[in-house]
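> Let's see this in three dimensions:
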Amino acid sequence: MDIKLQQLKYFSLVAEKGGFRAASDTANRSQAALSTSVKELEKILGQALFDTGHKAQLTPYGEVCLPMVNQFLNLYQSLDSDLRAAAKGEFGRLKIASVPSVAAKLLPKVLAAFCSNHPEVQVSLIDDNAVGIEKRLLAGEVDLALGNCLHASDHRIEFSPLFTDPLGLVCQKEHPLASKHQGVDWTDIIPFPFIKNGTCRLLATTPAAVLAEQANYDVENITSLFSVLELGVGVTTLPKLAFPIENNNLVWVPLKKPFIEREIGIFRSIERHLSPQADAFLRLCQTQFEACNTQL
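Take a look at the predicted model:
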């Protein structure tokens, strides 16, 4: 017959309280129930745990057993607490991939809130372009990805929209188009040297696609892109969130025709079960990003 957890708990409690009466009050059970449980344990073990006539006096065998039983009960309690905490996402690892603009401007606040509520979770953040974060997600390198999903219809991806981010022209402050604060048409940009970048995929399927197709330059790295733009080599298009507002040499002008915006969201692979901590982060993002559309 197997030893029951409750039998060990009652044995430890009687020894701690110095008698069955005090133990029964603490356990909110009758003395008879505790006595029966301890007797069943003694029967299983084949040895008495308490002296006959002195129910709170441990036998030599009981003295040997008590430290081991207490050690087991402490380990059990610790395991119980850890398992419950892990189920709530309070332990473990969380790996996130994000496009740089979201990682730099929006994620820090969300991560601060998440880490405050889940201090024991180890968080890894990787910034990459839209193609890269999608590849990392499908390869199983990360739990979640944040950005514009290029293949939202992919049956392997579950995409949850968070907010939209409009596309605009980026040029030097002295550029002729910089003064068009109400916005520019794509035809206004045609006469000027155009610098293609990774986000120019957003121009595809629109008349403005010709800008990228006939681009004079192609610069993928965002830091290098801004350096080239500041030199006045050409102009480009970027989502508003990707534009550094602290830059004093460049301006962002809305692209009003065609009006293009990217849909930023959080996405996961439906082929893998989401961990509790990843699920908690996903729900936090959905709450924190509700106001983004009005702020952009």
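> residue boundaries of the strands in the stretch 101-250 of the chain?
122-127, 144-148, 157-172, 184-185, 195-196, 217-218, 236-239, 250-257 (DSSP state E, counting those that start in this stretch).
> Kindly present the ones you listed as TSV, with separate columns for mean pLDDT and distance to residue 51.
Using the backbone N, CA and C atoms, a C-beta is placed for each residue, glycine as well. Output for those, formatted as TSV (pLDDT from 0 to 100; distance: least, Cβ to Cβ, whole Å):
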stretch	mean pLDDT	distance to residue 51
strand 122-127	92	51
strand 144-148	92	61
strand 157-172	93	64
strand 184-185	96	94
strand 195-196	96	89
strand 217-218	94	88
strand 236-239	95	80
strand 250-257	95	85
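> Make TSV from those and add mean neighbour count and distance to residue 208 to it.
Putting the strands of the stretch 101-250 of the chain into TSV (neighbours: other Cβ atoms under 10 Å; distance: least, Cβ to Cβ, whole Å) gives the following:
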stretch	mean neighbour count	distance to residue 208
strand 122-127	14	26
strand 144-148	27	17
strand 157-172	20	9
strand 184-185	18	9
strand 195-196	22	12
strand 217-218	14	16
strand 236-239	26	8
strand 250-257	19	7
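> Now render the ones you listed as TSV, adding distance to residue 4.
Formatted as TSV, the strands of the stretch 101-250 of the chain follow (distance: least, Cβ to Cβ, whole Å):
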stretch	distance to residue 4
strand 122-127	37
strand 144-148	42
strand 157-172	43
strand 184-185	77
strand 195-196	71
strand 217-218	71
strand 236-239	62
strand 250-257	69
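> hey, where'd the helices end up in the stretch 51-200 of the chain?
60-87, 100-105, 107-117, 130-138, 186-189 (DSSP state H, counting those that start in this stretch).
> Redo these as CSV? Include mean pLDDT, mean neighbour count and distance to residue 26.
Formatted as CSV, the helices of the stretch 51-200 of the chain follow (pLDDT from 0 to 100; neighbours: other Cβ atoms under 10 Å; distance: least, Cβ to Cβ, whole Å):
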stretch, mean pLDDT, mean neighbour count, distance to residue 26
helix 60-87, 87, 13, 14
helix 100-105, 89, 20, 53
helix 107-117, 92, 14, 34
helix 130-138, 91, 19, 52
helix 186-189, 96, 18, 78
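> I'd like to know which of these lies nearest to residue 219.
helix 100-105 (14.1 Å; Cβ to Cβ).
> ok, back up a step: please convert the helices of the stretch 51-200 of the chain to CSV, extending it with distance to residue 150.
Formatted as CSV, these follow (distance: least, Cβ to Cβ, whole Å):
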stretch, distance to residue 150
helix 60-87, 33
helix 100-105, 15
helix 107-117, 20
helix 130-138, 5
helix 186-189, 21
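> hang on, the earlier thing: out of the strands of the stretch 101-250 of the chain, nearest to residue 1?
Of those, nearest to residue 1 by Cβ to Cβ is strand 122-127, at 43.1 Å.
> circling back: of the helices of the stretch 51-200 of the chain, which is nearest residue 199?
helix 130-138 (7.9 Å).
> Just give me how far that closest one sits from the chain centre.
On the basis of Cα atoms, centre = their mean, to the nearest Å, helix 130-138 sits 16 Å off its chain's mean C-alpha point.
> same thing with stretch 246-257?
For stretch 246-257 - counting by Cα atoms, centre = their mean - the centre lies 31 Å from the chain centre.
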